[in-house]
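Colleague: Give me a 3D structure for the following:
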Amino acid sequence: MATKYAVGKWAFGFCDICGQRYSLARLRKLTIKTKQVNIKACPECWNPDHPQLQLGLYPVNDSWALREPRPDTSYQSAGLNVNGNQTDGSRIYQWGFNPVGGARANDIGLTPNYLVATTDVGTVTITVS
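Modeller: Okay, the predicted model is just below:
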């Protein structure tokens, strides 16, 4: 049975991307989003199909939201204390390091820190029996 096309072992073609002349056998078809397109590229211009171009082709279930969530009722919101000053809510955590309880001069007022370090110095007695 006769073939539909000539063999073309001496044929040349042009890269559809850069326009350079190459052997037709060296030109490869591009694949975009898992589909072969009618674009032939030289070895320098050819790139494999990138997985990032396939976003949306496959369903992804990455659930973070909860169905019918309940509000947290343990939180006590901030209000005014007996002196009329604004107080913090019930979720303010105190933290401190080197020195414990201290804050830099430019942080005073922005990050209240009421931690106080207390230490005791004692003696240790070792007996050998």
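
Colleague: Secondary structure class of the closest residue to L27 other than its chain neighbours, three-state.
Modeller: The shortest distance from L27 to any non-neighbouring residue, by Cβ to Cβ, 6 or more residues apart in numbering, is to K40 (4.0 Å). All C-beta spots, glycine's among them, are computed from the backbone N, C-alpha and C. Judged by DSSP: H, G, I helix; E, B strand; the rest coil, the three-state class of K40 is strand.

Colleague: Just to check, K40 is in contact with G13?
Modeller: Yes. Here K40 lies in contact with G13, judged by Cβ atoms under 8 Å, at a distance of 6.5 Å.

Colleague: coming back round to it: ok, now how distant is the residue nearest to L27 from A65?
Modeller: Counting by Cβ to Cβ, to the nearest Å, the separation of K40 from A65 is 47 Å.

Colleague: Likewise for A11?
Modeller: With Cβ to Cβ as the criterion, A11 and A65 are 58 Å apart.
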